[in-house]
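K.L.:
Return atomic coordinates for the entry below.
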Amino acid sequence: MEQTIRVRCAEVEDAAALCELSIRAIQDSASTHYDSAQLDAWAGRRTLEGHEWMTRNTVVLVAEVGDVMAGFCSVALEAVGDLQAGEVDQLFVAPECGGRGVARLLLTAVADLARAAGLPHLCTHASWRALPAFERMGYRRIEVETVDLDEVQLTRVSMRARLE
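P.N.:
Predicted structure coming up:
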């Protein structure tokens, strides 16, 4: 029997679970797209403090299947820190929940929030692992970017989606 996926807003108290889920998703789900040095550098940037900041300063939506956290997505509805208004900064799905529509549901909810806030578009910097999920939701590739994470090069794709 298929369980319903429920979406709710994250609380600061969710930060540790968000951090743990993101590390597992990076190390497991992204392992077919990046080498071990890249995965370690990326996962090494994940901190409790960073996830607490994210829950305080952006809208973070959590997908749950029963009482299990299946994924999360964050969006800045206004410019904050290094994020521009409409920037989808985080999208992670628990490895065991992939292929169930979690990313689609989260990105749909984010787009609805952004439309309600009057934003004309969304943008993101998608990992190669997340790229197909964003493309299925109407995001278009702008350019491939290379970022330096502690002297390790990581490529990703700058993307944009119009909201109508």
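K.L.:
okay, CA-based contacts and neighbour counts for the rest of this
P.N.:
Fine.
K.L.:
Report the buried residues of the biggest helix by length in the chain.
P.N.:
Among the segments of the chain that qualify as a helix by DSSP state H, the longest is helix 102-116. By 16 or more other CA atoms under 10 Å, the buried positions in helix 102-116 come out as 102-103, 105-107, 109-111, 113-115.
K.L.:
Identify the farthest-apart pair in these.
P.N.:
Largest separation among these by CA to CA: Val102 and Arg115, giving 20.1 Å.
K.L.:
Report whether the expected contact of Gln3 with Glu64 is present.
P.N.:
No. Gln3 is beyond contact range of Glu64, at 9.7 Å (criterion: CA atoms under 8 Å).
K.L.:
can you give me the strands in this structure?
P.N.:
For the chain, the strands defined by DSSP state E occupy 5-9, 59-65, 68-76, 87-93, 121-126, 140-149, 152-162.
K.L.:
Could you export the shortest one as PDB, CA atoms only?
P.N.:
The C-alpha trace of strand 5-9 is given here as PDB (Å, rounded to 0.1, in the frame of the first residue of the first chain):
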ATOM      1  CA  ILE A   5       3.600  12.100   1.300                       C
ATOM      2  CA  ARG A   6       2.800  15.100   3.500                       C
ATOM      3  CA  VAL A   7       4.500  18.500   3.200                       C
ATOM      4  CA  ARG A   8       5.000  20.800   6.100                       C
ATOM      5  CA  CYS A   9       7.200  23.800   7.000                       C
END
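K.L.:
Number of residues surrounding Gly99?
P.N.:
Around Gly99 there are 10 other residues, counting by other CA atoms under 10 Å.
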